[in-house]
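**Student:** Requesting a structural model of the entry that follows:
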Amino acid sequence: MQRAAAVCCVAAACAMAEEAAPKTKKPNFVVLFADDMGYGDMGANDPSAAGMTPHLDQLAAEGIRFTDFHVAASVCSVSRAALLTGRLGLRTGVVHNFSPTSRYGLPRTEVTLAEALQKAGYRTGAIGKWHLGTTPGYHPTYRGFDKYLGIPYSVDMGCTDVGGYDLPHAKVCSPGPLPPGTGTLPLPLYRSDVHCNGANATCDGAIVEQPVNFSTLSGRYAAFADEFIGNATKDAKPFFLYVPFSHIHTPQYVAPRNAGRSGKAGRAGHFYDTLMELDDTVGSIVASLKTHGVEEDTLVFFTADNGPWEVKCDLTGSVGPFTGLWQKTHGGGGSSAKTTLWEGGHRVIGLARWSGRIAPRVSAATASSLDYFPTLLRLAGVPVPADRAYDGVDLSDVLFHGAETAHTTLFHPNSGASGVNGALDAVRWNDDHGNQWKAIYQTGGAPACGGGHGTVAHHDVPLLFNLAEDPAESTALDTAAAPYKAVVEEITRLRAAQMQSVNGTYRSVVDYSAGVQYEPCAGYPTDCRSK
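**Tutor:** So this is what the prediction gives:
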């Protein structure tokens, strides 16, 4: 089996596809993807969450717990597009979030993991927050998923009748009819089989509840997962289940039985109650694998779309040790988490568990959500499409043979804090001497608790940190000094080579046009409340 290497050219993609694939029955895959969850929001990673995540802690103990796992962007839509395609936003065209009124979504020219596996005979299901388009052609059932239950975007992008907990406040729906164009519309819940349907080029016909009832949502997700796993198993079909959770993004909500469960007071109590409900849902889905007898046939991944949303104060989580202190002490304050290039924005929880196949351990391999695409296709025996370049690597050696090398280089895009969206303004390079260099070209712009954004600055000569010695990114090294000057020169070369790959291979284009007629509305055009 080849050593894991960056899949950044068509030739590498072809080589991966030609590797011998497993000859036994195809494995099942479950990808669990939390929303706005920090590295420190799991007891196995940080004592601040001790006792709050027993199911995740068990998952970590039974598989690989990555300490250097990253997502491909530090904001919602961009991170999701990268996970499902194995490609950075500069390649897919998805460089910032889609809105509730977006006409389009993840380009149809992109191949999703679900589409590739569906064509290979997999049953495919999605549960939770989609955020890659709501209209026909872009809804999950058009992007390779046989079945879908979930909300189309973040829980704060629509109103509900209960609101939940948020800062400055949650969006509560006005009483009476809510037609399009009257402001914030009710947050919809979809349940779709094959292609959705609806009037005016929408998927409104697939809305089963608007506004969604937060108090029952997690239970419905768990029940839908159990039904999906059970049906696929009964029909002897391999399956791919993608679960981008609605938790723990604000507004936070729980079923009545979980209110106050964490024992913590105030807003922190609401956050940890929500975290515990997320953990319970993870536990329910993993239990369904055992109930239906497919636990030993199923690879489970868990990660998050980005780090905590710091502006939400006590209603958000913990970055753990990855605090981005330079931003706080030298960058004028502001956030060093979600939407930023600091480690707290993109270094997240990473778990991989396959009972009987993956030996439990803690791994320091530098890995990414970009890697799910090539890894799962390799394990399924499905060729990686050879007409485009990829940014992920095959993690098979790390997962099954104890290898501790995956990526030596990662590129992190601007994700909304400041700078040009999608631009690769942070670069990670692990050299052969154990150093973990990180160069940052853009800082500031993301609000912290209290509202301070910090000083927006572009650094022509990047800030340079050695994460092996300074995981908090507290002290920028003197790049005029000979050893560090050479590091910046190598990072500059790597960044230029990546951009040559981006500009010289297939790229999709996103149309971000929008209109109120594209916003989900169950009773279009008179009242968006479902009857």
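**Student:** C-alpha only now, for contacts and for neighbours.
**Tutor:** Will do.
**Student:** quick one: low-confidence parts of the stretch 1-150 of the chain?
**Tutor:** 1-24 (pLDDT under 70).
**Student:** would you list every one of the helices in it?
**Tutor:** 10-18, 54-61, 76-85, 89-92, 113-119 (DSSP state H, counting those that start in this stretch).
**Student:** Quick one: end-to-end distance for stretch 431-447.
**Tutor:** Start-to-end span of stretch 431-447 (C-alpha to C-alpha, to the nearest Å) is 33 Å.
**Student:** any idea of the mean pLDDT for it?
**Tutor:** Mean pLDDT, stretch 431-447: 98.
**Student:** Tell me which helix or strand V300 sits in.
**Tutor:** For V300, the host element (DSSP states H and E) is strand 298-304.
**Student:** Tell me which of the helices of the stretch 1-150 of the chain sits most buried.
**Tutor:** helix 76-85 (a mean of 27; mean count of other C-alpha atoms under 10 Å).
**Student:** hmm, who's touching the helix or strand just after the strand holding V300?
**Tutor:** Next in sequence after strand 298-304, counting helices and strands by DSSP H and E, comes helix 325-329. By C-alpha atoms under 8 Å, 6 or more residues apart in numbering, the residues outside helix 325-329 that reach it are G333, G334, S335, S336, T443, G444, G454, A472, E473, S474, T475, A476.
**Student:** Pull the distance from the longest strand belonging to the chain to the chain's centre.
**Tutor:** Secondary structure of the chain per DSSP state E: the longest strand is strand 457-466. Distance, stretch centre to chain centre, for strand 457-466: 26 Å (C-alpha atoms, centre = their mean, to the nearest Å).
**Student:** Can you list the buried residues in it?
**Tutor:** Neighbour counts over strand 457-466 (16 or more other C-alpha atoms under 10 Å) mark H458, P462, L463, L464, F465, N466 as buried.
**Student:** same check, this time on stretch 409-429
**Tutor:** Buried residues in stretch 409-429 (16+ other C-alpha under 10 Å): 409-419, 421-429.
**Student:** Give the full set of residues in contact with A468.
**Tutor:** G434, N435, Q436, W437.
**Student:** and the last one, what does it touch?
**Tutor:** With contacts taken as C-alpha under 8 Å, 6+ apart, W437 has the following neighbours: R428, W429, N430, D431, L464, F465, N466, L467, A468, V487.
**Student:** I believe it is in a strand; please confirm or correct that.
**Tutor:** Yes. Under DSSP: H, G, I helix; E, B strand; the rest coil, W437 sits within a strand.
**Student:** Going forward, count from 25.
**Tutor:** Understood, numbering begins at 25; the last thing we discussed is W461.
**Student:** Spatially nearest residue to it (excluding sequence neighbours)?
**Tutor:** N490 (4.6 Å; C-alpha to C-alpha, 6 or more residues apart in numbering).
**Student:** Repeat that for the third one.
**Tutor:** Excluding the flanking residues, the one nearest Q460 by C-alpha to C-alpha, 6+ apart is N454, at 4.5 Å.
**Student:** What of the first one?
**Tutor:** In space, G458 comes closest to A492 once its chain neighbours are excluded; the distance is 7.4 Å by C-alpha to C-alpha, 6+ apart.
**Student:** Need the phi and psi values for that neighbour.
**Tutor:** The phi and psi values for A492, taken as degrees, to the nearest 10, are phi -60, psi -30.
**Student:** out of the helices of the stretch 25-174 of the chain, which comes closest to W366?
**Tutor:** Nearest to W366, of all the helices of the stretch 25-174 of the chain, is helix 100-109, at 15.3 Å by C-alpha to C-alpha.
**Student:** For the lengthiest helix in the chain, enumerate the helices and strands it packs against.
**Tutor:** The longest helix of the chain (DSSP state H) is helix 290-315. Under the contact definition 3 or more C-alpha pairs under 8 Å, 6 or more residues apart in numbering; DSSP states H and E, helix 290-315 sits against helix 78-85, helix 238-258.
**Student:** which one of the ones you listed is the most hemmed in?
**Tutor:** Neighbour counts (mean count of other C-alpha under 10 Å) averaged over each of those peak at helix 78-85, with a mean of 20.
**Student:** Pull the contacting residues for the nearest residue to L156 once chain neighbours are set aside.
**Tutor:** Excluding the flanking residues, the one nearest L156 by C-alpha to C-alpha, 6+ apart is G129, at 5.0 Å. G129 makes contacts with F122, L156, G157, T158, Y162, V534, D535, Y536, as judged by C-alpha under 8 Å, 6+ apart.
**Student:** which among these end up buried?
**Tutor:** Buried among those by 16+ other C-alpha under 10 Å: F122, L156, G157, T158, Y162, V534, Y536.
**Student:** Quick check: the two most widely separated of the residues you listed?
**Tutor:** Longest span within those, C-alpha to C-alpha: T158 and V534, 14.4 Å.
**Student:** if we can go back for a sec, adding distance to P280, write the helices of the stretch 25-174 of the chain out as TSV.
**Tutor:** Shown next, in TSV, are the helices of the stretch 25-174 of the chain (distance: least, C-alpha to C-alpha, whole Å):
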stretch	distance to P280
helix 34-42	49
helix 78-85	20
helix 100-109	28
helix 113-116	39
helix 137-143	34
